[in-house]
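Asks: what would the 3D arrangement of this be:
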Amino acid sequence: MKLKGFHIISHVKTLAVLGLIAAGLLAGAFLAQAGDTVPYHSTVTGQAVVDPDSGAILSIEEAGIGTHIGKFTLSGAIDEESGYFLFTVTAANRDELYGMVVGLSGNTVYLLIFDGTGRFKGATGKISATLTIDPIPVNLDPLTLAYTATATGTISTVGSNKKIQPK
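Replies: Predicted coordinates for the structure are as follows:
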């Protein structure tokens, strides 16, 4: 496998974007418990496995801390059936938040939250994450890149979706 410096940096940038998206989703999931729509902010560190030929991010694993969330972990991968990059955020109490990457621009990843378990059941949200990728690979086989990310956005809670309407 031949790896060129610029090729690795390009892969790292892509990986960083995906990592930030995941970070944003995790942060949003924890904040969802607070009210109808709540802002969130999180910071994470993670690693991404990257296809050395295409630069596509195959999977990510990260850990972080989010406002109103506390410590969390996130894991994500390309879903072979749908073709989407899906992720799961797991809170310390094991409640989960589910999301997907819906776009990227430069070092910014855009995430969509679409459900969860426990206090996050029915949660929705939009998050953007900014990534910083370490250009030196952690591993070459498989190509693995380290990154840090910060994420911001909003999350709606189940309660905001089930308000009683006046008659």
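Asks: what is the burial count for residue 93?
Replies: 8 (other CB atoms under 10 Å). For glycine as for every other residue, the C-beta is placed from the backbone atoms N, C-alpha and C.
Asks: that one belongs to a helix?
Replies: No - applying DSSP: H, G, I helix; E, B strand; the rest coil, one finds residue 93 to be coil, outside a helix.
Asks: so it touches residue 118, yeah?
Replies: Yes - in this structure, residue 93 is within contact of residue 118 by CB atoms under 8 Å, at 7.1 Å.
Asks: how about the helices in the protein?
Replies: 5-31, 158-161 (DSSP state H).
Asks: hey, least reliable of these by pLDDT?
Replies: Looking over these, mean pLDDT reaches its minimum on helix 5-31, with a mean of 44.
Asks: who's residue 61 bridged to?
Replies: Legend: beta-bridge partners of residue 61 under DSSP bridges are residue 47, residue 75.
Asks: and residue 114, how far is that from residue 54?
Replies: 26 Å (CB to CB, to the nearest Å).
Asks: and residue 72, by the same measure?
Replies: 29 Å.
Asks: now do residue 118
Replies: Residue 118 is 36 Å from residue 54, by CB to CB.
Asks: between the two, who's got more neighbours?
Replies: Higher neighbour count among residue 118 and residue 54: residue 118, with 13 against 10, using other CB under 10 Å.
Asks: next, find the distance separating that one from residue 155.
Replies: For residue 118, the distance to residue 155 - CB to CB - is 14 Å.
Asks: and what of residue 140?
Replies: 37 Å.
Asks: the two - which one has more neighbours?
Replies: The neighbour comparison of residue 140 against residue 155 (other CB under 10 Å) goes to residue 155, with 32 against 11.
Asks: doesn't residue 119 make contact with that one?
Replies: No - contact status for residue 155 versus residue 119: not in contact, 11.2 Å apart, counting by CB under 8 Å.
Asks: which residues of this protein score low on pLDDT?
Replies: The chain contains residues with pLDDT under 70 at 1-35, 68-69, 157-167.
Asks: ranges for the strands of it?
Replies: For the chain, strands defined by DSSP state E occupy the ranges 37-50, 57-66, 70-78, 85-91, 96-105, 108-116, 124-133, 139-140, 143-156.
Asks: cool, thanks, talk later.
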